[in-house]
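Chemist: okay, sequence plus prediction incoming.
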Amino acid sequence: MSASLPDTPSMPQRLQLSLAPDWDTIKATWDPCQTYLAEQGLDPDTAYALGMVAQELLENGVKYGGFSPGRDRILLAIDALCDPLLIEVRTPLGEEAGRLEELDAMVQWIRGYQSPFEAFVERLKQISTRPQVSTQSGLGLVRVAYEGQCLLDFYVDEKDVLAMSAVHPNPSAQSREG
Amino acid sequence: MAIREIFTHDTLRIDITETDKEVRLEWRGKSNDRQPERVLAPLMLTSLERCVGADRELVLDFQQMEYMNSSTFTPLVKMLDQAIRQMQRVRLEYSGQRKWQTLSFSALRAFETPDGRVSVHAK
């Protein structure tokens, strides 16, 4: 894991991590994310929720990614000084057919609910009746919307890199304005 | 006499206590395995089976839990579904002082049964 922060204190700071696409590396990002979010003045509950958002997006980055030599990193960026606050995960897109459609369908499904809470409950109910061994639940993205109170989006750039983002109203910026 | 066991997996620890009245699973630490269902589903189904025929309640206490990834909910809600179908008693307890637990576990109230056999409680 390598990290970078701009070195000028007066400049808006953004956490950027370049990560190997393995589960232990993803899990190890929890503490740096919490430290960064706390340093930006976010309250512990919001920092925790956004740390969860980063974890869930990174887990999806590993699951949806296709890794090969030269395309073997996942990038996490958190900008807690912009409003809305932005969390973005970029991962090389895999060649497995249907994954992007699956992701798109899930994001659209979430947007179809007026309340993320209702979407979360509905997803839990759906999962509860699935066979014991099943494929990806999609619950992580619903949780990003519900517990993280984030709007989800994604796009694929010209280099076939999938960028998944979650945006959240920035309480620090709003208190500054107030 | 209570029977005590400890289940550990990576950063997750579950203290299991079996008495005449209940089988209690106290969850601690973090559950963030890539496929937690592989290890948690057998544990939860076994725990449910330990209550069958003994009129015991299965209690899952999450108050000391620090983090759960979304995949951890899968074996949990599958067990709740099975408990509902098999008319068993399950009680979930979470910390009302932790916002993330309040958000996560209040959603699980959707699995509560009208007769209180399956219930979710903030502590």
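Modeler: Noted; the coordinates are in hand. Residues are numbered from 1 along each chain as shown, chains lettered A, B, ... in the order given.

Chemist: please make it C-alpha for all contacts and neighbour counts, starting now.
Modeler: OK.

Chemist: dump the longest helix along chain B to CSV, restricted to CA.
Modeler: Scanning chain B for the helix with the most residues, using DSSP state H, yields helix B:37-51. Extracted as CSV, the C-alpha positions of helix B:37-51 are listed here (Å, rounded to 0.1, in the frame of the first residue of the first chain):
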residue,chain,number,x,y,z
GLU,B,37,-20.6,-17.4,4.9
ARG,B,38,-18.2,-20.3,4.5
VAL,B,39,-17.3,-20.2,8.2
LEU,B,40,-20.3,-18.4,9.7
ALA,B,41,-23.1,-20.3,8.1
PRO,B,42,-22.1,-23.7,9.6
LEU,B,43,-21.6,-22.1,13.0
MET,B,44,-25.0,-20.4,13.0
LEU,B,45,-26.9,-23.4,11.8
THR,B,46,-25.2,-25.6,14.3
SER,B,47,-26.1,-23.1,17.0
LEU,B,48,-29.7,-23.1,15.9
GLU,B,49,-29.7,-26.9,16.0
ARG,B,50,-28.4,-26.9,19.6
CYS,B,51,-31.7,-25.1,20.5
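
Chemist: return the set of buried residues in it.
Modeler: The neighbour-count check on helix B:37-51 (16 or more other Cα atoms under 10 Å in any protein chain shown) flags B:37, B:40-41, B:44-45, B:47-48, B:50-51 as buried.

Chemist: smallest gap between chain A and chain B, at which residue?
Modeler: In chain A, the residue that lies nearest chain B is A:Ser128 (4.2 Å; Cα to the nearest Cα).

Chemist: measure the residue nearest to B:Val52 when sequence neighbours are not counted to B:Arg50 for me?
Modeler: Among residues not flanking B:Val52 along the chain, B:Gln88 sits closest, at 7.4 Å (Cα to Cα, 6 or more residues apart in numbering or on different chains). Distance from B:Gln88 to B:Arg50, counting by Cα to Cα, to the nearest Å: 11 Å.

Chemist: equivalent analysis for A:Arg143, please.
Modeler: To B:Arg50, A:Arg143 is 32 Å away according to Cα to Cα.

Chemist: do A:Gly112 as well
Modeler: According to Cα to Cα, A:Gly112 and B:Arg50 sit 41 Å apart.

Chemist: OK, contacts around the closest residue to chain A within chain B?
Modeler: Residue of chain B nearest chain A, by Cα to the nearest Cα: B:Lys78 (4.2 Å). When contacts are counted by Cα atoms under 8 Å, 6 or more residues apart in numbering or on different chains, B:Lys78 is found next to A:127-130, A:132.

Chemist: ok, of these, which one's closest to B:Phe111?
Modeler: For those, the closest approach to B:Phe111 (Cα to Cα) belongs to A:Ser128, at 9.7 Å.

Chemist: give me the neighbour count for A:Arg123.
Modeler: Other residues lying near A:Arg123 total 17 when counted by other Cα atoms under 10 Å in any protein chain shown.

Chemist: now it: which helix or strand?
Modeler: Remark: A:Arg123 resides in helix A:116-128, with elements defined by DSSP states H and E.

Chemist: next one: B:Ala54
Modeler: Going by DSSP H and E, B:Ala54 is not part of any helix or strand.

Chemist: please apply the same query to B:Trp100.
Modeler: Going by DSSP H and E, B:Trp100 is in helix B:99-107.

Chemist: what are the contacting residues of that helix?
Modeler: Here helix B:99-107 has contacts from A:45, A:48-49, A:117, A:120-121, A:147, B:94-96, B:120, B:122, using Cα under 8 Å, 6+ apart.

Chemist: just stretch B:10-30 next, same as before
Modeler: Surrounding stretch B:10-30, the residues in contact under the criterion Cα under 8 Å, 6+ apart are B:1-8, B:31-33, B:47, B:50-51, B:54-68.

Chemist: so for it, what gets flagged as buried?
Modeler: Going by neighbour count (16+ other Cα under 10 Å), the buried part of stretch B:10-30 is B:12-14, B:16-18, B:22-30.

Chemist: any stretches of chain B with poor pLDDT?
Modeler: Along chain B, segments meeting pLDDT under 70 are nowhere present.

Chemist: in it, which spans are strands?
Modeler: B:3-9, B:12-18, B:22-31, B:57-68, B:90-94, B:118-122 (DSSP state E).

Chemist: these: which one's closest to A:Val89?
Modeler: strand B:57-68 (19.9 Å).

Chemist: which neighbouring elements make contact with the closest one?
Modeler: strand B:22-31, helix B:37-51, strand B:90-94 (3 or more Cα pairs under 8 Å, 6 or more residues apart in numbering or on different chains; DSSP states H and E).

Chemist: mind putting the ones you listed into a markdown table with distance to A:Arg90?
Modeler: Converted to a markdown table, the helices and strands packed on strand B:57-68 look like this (distance: least, Cα to Cα, whole Å):
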| stretch | distance to A:Arg90 |
| --- | --- |
| strand B:22-31 | 24 |
| helix B:37-51 | 27 |
| strand B:90-94 | 34 |
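
Chemist: if anything else comes up later, I'll come back, but that's it for now.
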